[in-house]
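Trainee: task: produce atomic coordinates for the following.
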Amino acid sequence: MSDTSQAAGLDPFMLEIVKAKLLAIAEEMSVVLARTSMSPIVYEVLDFACGLTDPGGQVIAQANGLTLFTGTFATQVQSVTKKFGLAGIRPGDIFMTNGPYDGGTHTCDIALIMPLFNESAIVAFAVSITHWTEVGGKTPGSVSPDATEIYQEGLQFPIIHIVRQGQIVEEVVEIIRANVRLPLMSLGDLNAGMAACRIAERRLNETCGRYSLETVRRAFAAILEHGERMARQAIRRIPNGVYEAEDFIDGDGISDEQIPIRVKITVEDEAMTVDFTGCAPQRPGPINCAYGALLSACKTVFKAITDPQAPSNEGWFRPYQIVIPQGTVFSATRPAPTGWYYEASAYATELVWKALAPVLPDRLTAGSYLSLCATYIGGLHDETGEVWVHPEPHNGGWGAGQGLDGQNGLIATTDGDTYNYPVELLEEKFPLLVERYSLNQRDGGGAGQWRGGRGLIREYRLLNSKAFLHASMGRNAVKPWGLAGGLPGSNNYIEVVRNGQLMTCARISYYPLHQGDLVRILTGSGGGYSDPRRRPPSRVAEDARSGYISRDEAQGDYGVVLREDFSVDEAATRGRRA
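Mentor: As a prediction, the model looks like this:
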């Protein structure tokens, strides 16, 4: 705990005041970014993240948001200081990067990093990461399910100045304007990200002015030291041992071939090592993720099993080590495509989850629908002739746990506090009509003493003359796993209905749509927990009455025989369960 001496002598009441102020700065950054963004996926879905790091890139405070972004702050800030050196960074600079191999995720996620100076020294870095709807590339929306190299996935910003000593670099702006299909939206999101960083600069200087620079620095050290101490205490409550899990990623966008993945987790006193040695090599398709995204995905699980409610900082992750060779599907190297990185990283999250769930039944549930199930529908608007793109992640069912049913229709683990698209806004912005939005009662799955949460069905009717669909949905072959005798959940998939003809898929690239076509998104149920026949018959009857399960599931999976009015036939149920 190397920061203890730096934190020494700081009054605990003052520490709490400064800590709260730093969290408030991160939250205000988020408010500014959301309110000034031009993209619905930013200001409605909240596909962004904001926070502060110390000069070494260690996260001090972050706002709730997309968990897959906040874990990349350290690697991205460190990529800036490695390239320019602290001595080469000036007041008023803002750096821009979206490189997966520089600690980021994919080309659509633009990180803006601003040094915050006080008394001529760098006190901190402000970071805002925003998902841009468009950065160019081979397909509108810039996330092609069949890309075979990163050059097909849009503009790359290799840790460059977007603002140099307070002056915007107009040449970079011109490059963006010339290479993206929605320049007004992309440049609007750029301005929103810069505004978030500048409000952090103002607020941190106010904090240093009020409480002194030395107090703020000591608070940084104390925050990190406290996070580390709490993490080590939490690890001590996990039995020492080696825990392993295996799974398969359902194809990479180019091929449906199953991709084997595995993890070995070693818990020893106050430390945890997560070893991904033996995972499949990086793939030709865009399912890959680079190390920064893997690190972020694993931090999500680690925080969940230590203290999910406490504010996060880099200190929490000091006892946590990740081991992985280069060039795997979780540690891809240039020029592997990473457009759908969130599929691989979601599998990494759940693989660690799966390995630890049997020894942490009070904290970790059965398998979830896992995938963001992202779809892109777009084209040229009939009335305006302008490009429109509707990117959307979809909610699904989470696994059941010890003593609780799984959550219905919740966003995937790695997407954190993001929201779903409001139907009214979607129909106002795009030539689409949402004809159905309901629980997925078709596919069943997830039976258990505590049952898995239900996925969703969302249907879009195309009002435009033409459009395209591309999508990538994981968990389309291997079902979410059950725990302690619970049954597996169900899969994610898409149906396209045209003139009564049905086409079913899970990963599809640039599929042409015509006016009147119906696109139906179906997300899966989570896995169940414990033997389904231990679920009280009255609860099974209530599930059937409420539409969570069918009569056939009640009888087949749960052994509960129901009458026409959904009352339990006690004698028949006893016989069937016997």
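
Trainee: what residues are up against residue 462?
Mentor: Residue 462 makes contact with 377, 431-432, 513-519, according to CB atoms under 8 Å, 6 or more residues apart in numbering. For glycine as for every other residue, the C-beta is placed from the backbone atoms N, C-alpha and C.

Trainee: tell me how the chain divides into domains.
Mentor: 4-226, 365-535 (automatic domain parsing).

Trainee: could you dump the ones you listed to JSON lines with distance to residue 266 and mean pLDDT?
Mentor: Compiled in JSON lines, the domains of the chain are given as follows (distance: least, CB to CB, whole Å; pLDDT from 0 to 100):
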{"stretch": "domain 4-226", "distance to residue 266": "21", "mean pLDDT": "93"}
{"stretch": "domain 365-535", "distance to residue 266": "22", "mean pLDDT": "94"}
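
Trainee: so can I have CSV of these showing distance to residue 267?
Mentor: Output for these, formatted as CSV (distance: least, CB to CB, whole Å):
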stretch, distance to residue 267
domain 4-226, 20
domain 365-535, 19
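
Trainee: closest one to residue 274 among those domains?
Mentor: For residue 274, the closest of those is domain 4-226, at 13.3 Å, according to CB to CB.

Trainee: from residue 456, how far off is residue 405?
Mentor: According to CB to CB, to the nearest Å, residue 405 stands 16 Å off from residue 456.

Trainee: all helices for the stretch 451-578 of the chain, in order.
Mentor: Counting by DSSP state H, counting those that start in this stretch, the stretch 451-578 of the chain has these helices, from start to end: 537-546, 551-556, 570-577.

Trainee: and those helices: which comes nearest residue 336?
Mentor: When these are compared by CB to CB, helix 551-556 sits nearest residue 336, at 41.8 Å.

Trainee: list the contacts for the closest residue to residue 143 other than its chain neighbours?
Mentor: Leaving aside its chain neighbours, residue 143 sits nearest to residue 339 (4.4 Å; criterion: CB to CB, 6 or more residues apart in numbering). In this structure, residue 339 makes contact with 106-108, 142-145, 147, 153, 286, judged by CB under 8 Å, 6+ apart.

Trainee: of those residues, closest to residue 40?
Mentor: Distance to residue 40, by CB to CB, is smallest for residue 108 among those, at 14.5 Å.

Trainee: for that closest one, phi and psi?
Mentor: Torsion angles at residue 108 (phi, psi; degrees, to the nearest 10) stand at phi -80, psi -20.

Trainee: so who does the residue lying closest to residue 150 once chain neighbours are set aside touch?
Mentor: Residue nearest to residue 150 in three dimensions, not counting chain neighbours: residue 335, with 4.9 Å by CB to CB, 6+ apart. Counting by CB under 8 Å, 6+ apart, residue 335 touches 149-151.

Trainee: most surrounded residue in those?
Mentor: residue 150 (24 neighbours; other CB atoms under 10 Å).

Trainee: which residues touch that residue?
Mentor: For residue 150, the contact set (CB under 8 Å, 6+ apart) comprises 100, 107, 156, 334-338.

Trainee: list the buried ones in the top helix by length along the chain?
Mentor: The residue-count maximum for a helix in the chain (DSSP state H) belongs to helix 183-211. Using 16 or more other CB atoms under 10 Å as the test for burial, helix 183-211 gives 185-190, 192-201, 203-205, 207-208, 211.

Trainee: and the next element down the chain from it?
Mentor: Downstream of helix 183-211, the first helix or strand assigned by DSSP states H and E is helix 213-236.

Trainee: and that following helix with helix 183-211, angle?
Mentor: Here the directions of helix 213-236 and helix 183-211 differ by 110 degrees (axes from the mean of the first three to the mean of the last three CA atoms, to 10 degrees).

Trainee: tell me which strands the helix or strand following helix 213-236 pairs with, and in which orientation.
Mentor: On the C-terminal side of helix 213-236, the nearest following helix or strand under DSSP H and E is strand 241-250. The pairing partners recorded for strand 241-250 under DSSP bridges are strand 258-268 (antiparallel).

Trainee: which residues outside the next helix-or-strand element following the strand it pairs with are in contact with it?
Mentor: Following strand 258-268 in sequence order, the next helix or strand is strand 271-275 (DSSP H and E). Under the criterion CB under 8 Å, 6+ apart, residues 232, 235, 238, 263-266, 298, 302, 319-324, 352 lie in contact with strand 271-275.

Trainee: quick one: mean pLDDT for stretch 320-337?
Mentor: The pLDDT scores in stretch 320-337 average 96.

Trainee: now do the buried residues in that stretch.
Mentor: Buried residues in stretch 320-337, defined by neighbour count with 16+ other CB under 10 Å: 320, 322, 324, 328-332, 336-337.

Trainee: still on that earlier bit, just checking, what packs against the longest helix of the chain?
Mentor: If you count contacts as 3 or more CB pairs under 8 Å, 6 or more residues apart in numbering; DSSP states H and E, helix 183-211 packs onto helix 12-36, strand 48-53, strand 109-118, strand 121-131, strand 160-164, helix 170-179, helix 213-236.

Trainee: the contacts of residue 339 into JSON lines, with extra columns for distance to residue 272, secondary structure and neighbour count?
Mentor: Below are the contacts of residue 339 laid out as JSON lines (distance: CB to CB, whole Å; DSSP: H, G, I helix; E, B strand; the rest coil; neighbours: other CB atoms under 10 Å):
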{"residue": "106", "distance to residue 272": "27", "secondary structure": "coil", "neighbour count": "26"}
{"residue": "107", "distance to residue 272": "32", "secondary structure": "coil", "neighbour count": "27"}
{"residue": "108", "distance to residue 272": "31", "secondary structure": "coil", "neighbour count": "25"}
{"residue": "142", "distance to residue 272": "36", "secondary structure": "coil", "neighbour count": "28"}
{"residue": "143", "distance to residue 272": "33", "secondary structure": "coil", "neighbour count": "32"}
{"residue": "144", "distance to residue 272": "36", "secondary structure": "coil", "neighbour count": "25"}
{"residue": "145", "distance to residue 272": "34", "secondary structure": "coil", "neighbour count": "28"}
{"residue": "147", "distance to residue 272": "34", "secondary structure": "coil", "neighbour count": "26"}
{"residue": "153", "distance to residue 272": "33", "secondary structure": "helix", "neighbour count": "27"}
{"residue": "286", "distance to residue 272": "30", "secondary structure": "coil", "neighbour count": "32"}
